[in-house]
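Q: I would like to see how this sequence folds:
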Amino acid sequence: MASTEKPCTMLVHFDKGSPSMANEIKLELESGDGPTKADAMRRAISLLLNGETLPHLFITVVRYVQSCDDHDVQKLLLLYLETVDKRDPATGKVLPEMILICQNIRNNLQHPNEYIRGVTLRFLCRLSEPELLEPLVPSILANLEHRHHFVRRHALSAISAIYRLPNGDQLIPDAPEVVERALATEQDAAARRNAFLMLCACVQERAVAYLLTNAERVTEWPDLLQMAAVDLIRKVCRSKGRVDKGRYIKIIIALLSAPSTAVVYECAGALVSLSSAPTAVRAAANTYCQLLSSQSDNNVKLIILDRLLELRASHREVMVDVVMDVLRALASPNVDVRKKVLDLVLDLLTPRNVEEVVLYLKKEVVKTQAAEAEKGGEYRQMLVQAIHACTVKYPEVAGSVVYLLMDFLGDTNVAAAVDVVLFVREIIETNPKLRVSMIQRLIDTFYQIRASRVCVCALWILGEYSLSLSEVESAISTIKQCLGDLPFFTVSEEGESTESSKPAQQVVNSVTVSSRRPVVLADGTYATQSAATETAVSAPATALGSLASTQNLRSLILSGDFFLAAVVACTLTKLVLRLEEVQSSKVEVNKACTGALLIMVSILQLGQSSYLPHPIDNDSYDRIVLCVRLLCNTGDDVRKVWLKSCRQSFANMLAEKQFRENEEMKAKAQISHAQPDDLIDFYHLKSRRGMSQLELEDAVQDDLKAATGQFTKDADDTNKLNRILQLTGFSDPVYAEAFVTVHHYDIVLDVTVINRTKETLQNLCLELATMGDLKLVDRPQNYTLAPESSKQIRANIKVSSTETGVIFGNIVYETSNVMERSVVVLNDIHIDIMDYISPATCADVTFRNMWAEFEWENKVAVNTVIQDEKEFLNHIIKSTNMKCLTPPSALDGECGFLAANLYAKSVFGEDALVNISVEKQADGKLSGYIRIRSKTQGIALSLGDKITLKQKGGSS
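A: Residues are numbered from 1 along each chain as shown. The predicted model follows:
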């Protein structure tokens with residue numbers, strides 16, 4: 001193997017199935033016409049790129065191809081010369097026969113056809129042999145005066161490439177002056193860009209002088225040259241410090257009005273990176289917002305939103321002013337764009353803009369009612385969640401949207417309807433002034449609800465918040481109306497039911513689909529239940545209009561949803577108990593109580609009959625029987641539990657949720673501000689020296705950053721030492737250790753190899769292989785190590801999924817004494833899954849949906865020396881780098897049992913769900929299981945292995 005990899009400037013597909021022979025190619029080159037020679041040259045180039053040498057073909061090419069007038073053949077000849085070895089492998093000197101091509105290249109540089117001149121100049125950009133380039137320099141310089149811009153463009157590129165060679169300044173000593181003169185007179189945009197890039201790369205001070213001289217005319221430059229100017233400003237401001245940064249920032253601000261969107265985008269990014277002045281940041285934010293509304297490509301919109309998210313992290317006060325401009329991007333039909341816009345806006349809410357934001361979202365909700373709206377239901381759900389978040393932060397705006405959202409309780413998108421009813425439940429508790437009107441609105445719209453989950457929550461709201469006599473009576477009347485006439489079925493003959501009840505069952509089948517699947521309960525255990533999975537209502541209009549339109553509860557109960565039936569019984573019980581408090585007439589109370597009992601008994605009769613395929617479950621049966629007994633014999637203690645305790649528990653839950661959110665906001669505020677007090681802006685006391693307002697602001701911001709230490713980054717040396725892995729033993733002839741750096745999709749191994757012997761090690765090679773979703777990027781190279789010397793070798797590895805991978809390999813080398821190659825086997829490097837996952841949060845409903853959806857599960861038995869449940873939970877959280885979603889209040893108390901849900905997200909967007917269920921045994925030890933679920937197998941297995949390794953606690 002060669003000591004260094006040869007550079008490759010092109011990639012060509014090579015069909016290994018039909019390799020060409022060198023003799024065949026030679027014959028075609030000698031006797032063929034233009035197309036035949038072109039085909040033979042293509043095959044010769046493919047063979048050269050794939051390792052063949054073809055030593056005898058060069059003379060044939062010189063004799064028979066150079067003289068061909070075909071332009072395709074001439075271009076292929078240049079590609080051949082670019083690919084072929086031009087130096088002797090033994091001596092490193094240019095091969096003598098290469099001199100034969102110099103005259104042909106000189107002729108091409110003077111060719112009357114501009115295409116031949118251009119491709120030849122482009123070929124010279126990739127030629128690195130000074131012996132071949134030196135006689136061609138006069139011809140290259142002469143092409144700067146050519147009439148065609150295609151030739152001048154590539155002549156400038158060739159001069160730049162030659163000047164950047166190790167001894168290029170000797171080949172063309174006056175290259176900077178020549179290029180600068182060409183730049184001053186050139187009119188072609190690409191040629192000017194090439195000349196300017198040459199000055200930027202080789203003599204930066206000349207490029208800066210040209211830029212500042214033409215600062216007033218930069219806006220008139222072509223977009224290619226403007227992009228090069230922005231790149232130059234970035235480099236100059238970072239290298240020279242911040243002495244005259246204001247002059248360059250003025251140029252960038254002037255370019256913000258350029259017609260090219262690419263230039264405008266780059267200018268906005270450069271402005272933010274170079275200046276922290278509010279004026280500059282505000283200009284960049286406005287530019288991003290204009291691009292967001294003007295660009296139609298969704299990928300562009302997502303990239304711009306990412307830039308705005310970065311601005312929000314460091315300049316939130318500026319971003320608050322452009323919230324309404326960002327909201328206009330909701331006009332995009334793409335769901336990802338809309339979601340990112342809403343996430344960004346919700347983080348920028350203030351008392352000043354919340355009313356405007358909610359009003360805009362309200363208009364968007366109305367637009368989703370249009371039947372032609374694409375993914376209207378999903379978008380409406382996102383809007384409802386956003387409005388919910390707004391009202392949680394600022395309850396005073398709830399009154400303006402809650403009545404509109406209540407119209408969507410009967411939405412065909414069940415998820416959106418559930419979000420609406422949860423929103424209503426929270427608002428009715430936190431906004432007592434809206435209670436009366438919201439209860440009345442809920443009673444009026446209750447018959448429109450089609451989904452069982454929405455009905456359950458709506459019934460709970462009616463039972464808890466119907467307080468006055470009229471509200472209680474209206475609620476009872478509405479429930480009876482939605483249940484329809486009793487009994488639910490009648491038996492006319494044995495085994496047959498009347499036809500009046502059959503249509504209800506047919507209607508319901510289009511509303512719910514009964515399925516049996518394992519479900520995780522609140523305590524972390526499994527329950528196999530008949531779950532009603534709601535789908536979009538698609539029943540015939542006649543059926544919906546006739547029965548299900550007003551008797552939704554009847555339809556759902558006749559489908560076998562006895563959990564809803566139990567909720568109906570509990571709601572009626574609460575309403576009757578409250579009616580006893582507000583109704584003075586005992587006759588009316590007894591009448592209502594009798595009606596409720598009749599409904600409950602009818603439900604029990606339906607559940608125990610053979611009319612439905614599945615009988616009533618035991619839990620629902622016991623709950624309905626409890627309600628019957630309670631109405632028959634009430635007491636003060638029971639009344640207090642049913643009418644006050646349940647509502648108080650909900651209020652406590654909301655208070656705790658608000659407390660947790662406030663604590664998180666406080667923690668974020670402490671992280672984002674370096675100083676406890678606001679810093680005073682002293683720029684009025686600074687010497688102005690003719691500085692503009694922007695330059696003053698920028699200078700002040702830089703002073704503040706220097707004072708608060710934002711320019712310095714402390715390196716965590718201890719953490720670095722933990723990442724050094726020993727690969728060989730101290731007694732091995734070659735010692736090696738690796739420093740592992742994991743950055744998202746890349747793993748970098750910096751391997752230090754030390755020759756411990758007194759001999760020179762030749763052809764030393766670090767050979768690595770991987771197991772798992774890891775892929776080596778670089779091919780191994782050979783090195784020569786002097787006695788007791790060291791070498792740093794870097795290996796790059798790509799990662800494609802969150803899975804524990806293993807890197808293994810060996811070091812192979814040769815010595816002068818031993819003919820065979822020696823091998824030192826390396827220790828395995830295990831890539832930790834913890835480098836890829838980070839704590840994340842999600843709603844409880846989302847967690848349960850993912851738990852039911854994900855198919856990969858890893859079940860780990862608890863085996864630990866830790867004897868306290870909470871201590872064990874904290875140990876698992878620390879070991880797995882996950883976040884506990886179960887609130888602390890749910891973990892309070894000492895009952896000997898603990899269940900908690902953990903959640904994390906990987907850098908690849910994968911979700912990791914963990915459920916811990918542990919119980920303390922009589923002997924004090926903990927037992928139970930840890931269940932891990934994910935969409936992919938790798939993360940479930942890797943996380944399970946990590947937990948198994950770490951769960952014991954103690955020294956491990």
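
Q: Show me what the lengthiest helix in the chain is packed against.
A: Ranked by residue count and defined by DSSP state H, the top helix of the chain is helix 646-672. Applying 3 or more C-beta pairs under 8 Å, 6 or more residues apart in numbering; DSSP states H and E, we find helix 646-672 packed against helix 414-430, helix 452-465. In this view, the C-beta of every residue, glycine as well, is placed from N, C-alpha and C.

Q: buried set for it?
A: By neighbour count with 16 or more other C-beta atoms under 10 Å, helix 646-672 contains the buried residues residue 647.

Q: what angle do that helix and helix 414-430 make?
A: Interaxial angle of helix 646-672 relative to helix 414-430 (axes from the mean of the first three to the mean of the last three C-alpha atoms, to 10 degrees): 100 degrees.

Q: mean confidence for helix 646-672?
A: Averaged over helix 646-672, pLDDT sits at 73.

Q: tell me the angle it makes with helix 452-465.
A: Comparing the axes of helix 646-672 and helix 452-465 via the same axes, to 10 degrees yields an angle of 110 degrees.

Q: just to revisit the earlier point, want to try TSV for the helices and strands packed on helix 646-672, with mean neighbour count as columns?
A: Below are the helices and strands packed on helix 646-672 laid out as TSV (neighbours: other C-beta atoms under 10 Å):
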stretch	mean neighbour count
helix 414-430	22
helix 452-465	22
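
Q: Can I get the ones you listed in a markdown table including distance to residue 473 and mean pLDDT?
A: Listed next are the helices and strands packed on helix 646-672 as a markdown table, based on distance: least, C-beta to C-beta, whole Å; pLDDT from 0 to 100:
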| stretch | distance to residue 473 | mean pLDDT |
| --- | --- | --- |
| helix 414-430 | 19 | 83 |
| helix 452-465 | 12 | 88 |
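
Q: Quick one: closest of these to residue 746.
A: Nearest to residue 746 among these is helix 414-430 (37.4 Å), distances taken as C-beta to C-beta.

Q: May I have the closest one exported as PDB, CA atoms only?
A: Only the C-alpha atoms of helix 414-430 are listed here, as PDB (Å, rounded to 0.1, in the frame of the first residue of the first chain):
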ATOM      1  CA  VAL A 414     -61.100  12.900  18.000                       C
ATOM      2  CA  ALA A 415     -57.700  14.200  19.200                       C
ATOM      3  CA  ALA A 416     -58.700  17.800  18.500                       C
ATOM      4  CA  ALA A 417     -62.000  17.300  20.300                       C
ATOM      5  CA  VAL A 418     -60.200  15.800  23.300                       C
ATOM      6  CA  ASP A 419     -57.800  18.800  23.400                       C
ATOM      7  CA  VAL A 420     -60.800  21.100  23.400                       C
ATOM      8  CA  VAL A 421     -62.600  19.400  26.200                       C
ATOM      9  CA  LEU A 422     -59.400  19.300  28.300                       C
ATOM     10  CA  PHE A 423     -58.900  23.000  27.600                       C
ATOM     11  CA  VAL A 424     -62.500  23.700  28.800                       C
ATOM     12  CA  ARG A 425     -62.000  21.600  31.900                       C
ATOM     13  CA  GLU A 426     -59.000  23.700  32.900                       C
ATOM     14  CA  ILE A 427     -60.400  27.100  32.000                       C
ATOM     15  CA  ILE A 428     -63.700  26.500  33.900                       C
ATOM     16  CA  GLU A 429     -61.600  25.800  37.100                       C
ATOM     17  CA  THR A 430     -59.100  28.600  36.700                       C
END
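
Q: Moving C-terminal from it, which element do we reach first?
A: For helix 414-430, the following helix or strand on the C-terminal side (DSSP states H and E) is helix 435-445.

Q: what's that following helix packed up against?
A: Judged by 3+ C-beta pairs under 8 Å, 6+ apart, helix 435-445 is in contact with helix 402-406, helix 414-430, helix 452-465, helix 469-483.

Q: tilt between that helix and helix 452-465?
A: 140 degrees.

Q: Could you check helix 435-445 and say which residues are buried?
A: Residues of helix 435-445 classed as buried under the neighbour-count rule (16+ other C-beta under 10 Å) are 435, 438-439, 441-443, 445.

Q: Perfect, that will be all.
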